[in-house]
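[1] Provide a 3D model corresponding to the input given below.
(4 chains)
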Protein chains: 2
Amino acid sequence: MDVKDLCLGALSFGDATGYDIKKFFENTFSHFFLAGYGSIYPALASLTAAGLVSCRTLAQHGKPDRKLYRLTAAGRRAFLDTLRDTTPRHRLKSEFLVLLYFAHLLAPARLQAIVDQQLRNFDGNLKHIRQYEDCCAAAQPLSPGAHFVCGYGKAVMTAASEYIRAHRHSLLPPTGRGAAPRKLIQARRQPVHTASRN
Amino acid sequence: MDVKDLCLGALSFGDATGYDIKKFFENTFSHFFLAGYGSIYPALASLTAAGLVSCRTLAQHGKPDRKLYRLTAAGRRAFLDTLRDTTPRHRLKSEFLVLLYFAHLLAPARLQAIVDQQLRNFDGNLKHIRQYEDCCAAAQPLSPGAHFVCGYGKAVMTAASEYIRAHRHSLLPPTGRGAAPRKLIQARRQPVHTASRN
DNA sequence: GAAGTCATGTAAAATGTTACATGATTCA
DNA sequence: TGAATCATGTAACATTTTACATGACTTC
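    Got it, this is the predicted structure:
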């Protein structure tokens, strides 16, 4: 399932331009699927060539023409096929966790900054989801799928935040006012024969 | 942060072959970073060319020669620089959630299968993390980073599982013994003008 | 006056996945 | 006898990211 398929999905809710589709992705999928213009515009071009979407060009003054895309019957069928056949993968790619795994090689201040930044990100994402829910719910009730997915995002990010807040101390060397005078902990050089056998 | 950097990280725990490194990734990073041979072997070749790792070839009978890689001083420095400079991103890419977002276009049986499969995956991953913790802890206490990252994985996947178990019914049309005789719910055709403006 | 929004795209570079190719040994 | 483990790699393909290029209008 790639950006092309997601574009079909976005268009299943109505006609849109590439720009609109990016907005839609940001509002709706931001916490589990992202795409930039550099993949959306080529995807739309390729879908048009394949006859899965059609395109009406609307002239504008000053700005580039708006290109309004619409699902064709073939496109709708293709999307349903994708939904039927796609293997539901679920992959996390986290430099954040990699860095924390190597906490013993990081300066304490760096570690602090990384953790704080991630907590802010989660807070921002949570806020974003809540806004999306409120703003959509004002217009019409969210579809069950949208509702489920928002709830999932909130549940997971809340759990992640709580875990981080509860356990961040275990990564940091004991420091600060009231504690014992700051003792720099040396990054232990690991012995060079853990993973090898023979 | 790419596979090359992760290879340096793996080698920071000791010399290893490409094969060992893949094992290491699977044991250690599997829930937030994966790489296959097709990216590991080229990465090691390129690191060797760049002088960040050195390579000893050990002949074997029948099998291809083992190539034992070791971090060079430059490699160790490069890895520390990466740890210092990498922006800690954290991205989920989930076809699972995309499919659920479009629950209204999925056959009920398909929806069931998707959800069940994902729950099994989470259970499997949780088991995998627990085994890793137990097996490592038997040898030596886990590093704080490793411990934190395992705990994070468990916390998040547990929350995800619980959320799914608690809310999956909201995706499925009411069905089954005891309930009202199965009433097929038609996938509502969405009107075609939600996302467009103008 | 600066920043943000609307609006399109291309091209190069980086990255990663998949399939292929080989083959002995060990375990059930 | 078949599957799994050990062990390497290449080549083609797919995909994504990043930077570039343009430019008017609106809001602070």
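[2] which parts of stretch A:157-168 are buried?
    A:Met157, A:Ala159, A:Ala160, A:Ser161, A:Tyr163, A:Ile164, A:His167, A:Arg168 (16 or more other C-beta atoms under 10 Å in any protein chain shown). For every residue, glycine as well, the C-beta is placed using N, CA and C.
[3] mind checking which of those residues are in helices?
    The helices, defined by DSSP state H, take in A:Met157, A:Ala159, A:Ala160, A:Ser161, A:Tyr163, A:Ile164, A:His167 from these.
[4] so the last one touches B:Gly151, yeah?
    If I follow you right, that is A:His167. Yes - between A:His167 and B:Gly151 a contact is recorded at 6.0 Å, counting by C-beta atoms under 8 Å.
[5] where does the prediction get shaky in chain A?
    Confidence mapping of chain A against pLDDT under 70 gives the ranges A:174-198.
[6] near DNA strand C, which residues of it?
    Contact residues, chain A versus DNA strand C (C-beta under 7 Å from any atom of the strand): A:17-20, A:23, A:37-38, A:41-42, A:44-45, A:60, A:63-67.
[7] PyMOL command for the buried members of these?
    Selection of the buried residues among the residues of chain A next to DNA strand C in PyMOL, burial being defined by 16+ other C-beta under 10 Å:
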select buried, chain A and resi 17+18+20+41+44+66+67
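[8] from A:Gln117, how far out is A:Asn125?
    To A:Gln117, A:Asn125 is 13 Å away according to C-beta to C-beta, to the nearest Å.
[9] which of these two has more neighbours?
    A:Asn125 (19 against 14; other C-beta atoms under 10 Å in any protein chain shown).
[10] where does the more buried one sit, in terms of helix or strand?
    For A:Asn125, the host element (DSSP states H and E) is helix A:108-139.
[11] which parts of that helix are buried?
    A:110-111, A:114-115, A:118, A:121-122, A:125-126, A:129, A:132-133, A:136.
[12] how many residues are close by A:Val98?
    A:Val98: 25 neighbours (other C-beta under 10 Å).
[13] that one: which element?
    helix A:95-101.
[14] run through the neighbouring helices and strands of that helix.
    helix A:108-139, helix B:3-11, strand B:90-94, helix B:144-167 (3 or more C-beta pairs under 8 Å, 6 or more residues apart in numbering or on different chains; DSSP states H and E).
[15] rerun that using 6 Å as the cut-off
    The contact analysis (3 or more C-beta pairs under 6 Å, 6 or more residues apart in numbering or on different chains; DSSP states H and E) places helix A:95-101 against helix B:144-167.
[16] tilt between the helix it packs on and strand A:90-94?
    Angle, helix B:144-167 to strand A:90-94, by axes from the mean of the first three to the mean of the last three C-alpha atoms, to 10 degrees: 150 degrees.
[17] so what touches helix B:144-167?
    A:97, A:100-104, A:148, A:152, A:155-156, A:159-160, A:163, A:167, A:170-171, B:31, B:122, B:125-126, B:129, B:133 (C-beta atoms under 6 Å, 6 or more residues apart in numbering or on different chains).
[18] now render the ones in helices among the buried residues of stretch A:157-168 as a markdown table, adding distance to B:Asp5.
    Shown next, in a markdown table, are those (distance: C-beta to C-beta, whole Å):
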| residue | distance to B:Asp5 |
| --- | --- |
| A:Met157 | 26 |
| A:Ala159 | 28 |
| A:Ala160 | 23 |
| A:Ser161 | 27 |
| A:Tyr163 | 25 |
| A:Ile164 | 23 |
| A:His167 | 25 |
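[19] which two in those residues are spaced the farthest apart?
    A:Met157 and A:His167 (15.9 Å; C-beta to C-beta).
[20] and A:Ala160, how far from B:Pro42?
    A:Ala160 is 33 Å from B:Pro42, by C-beta to C-beta.
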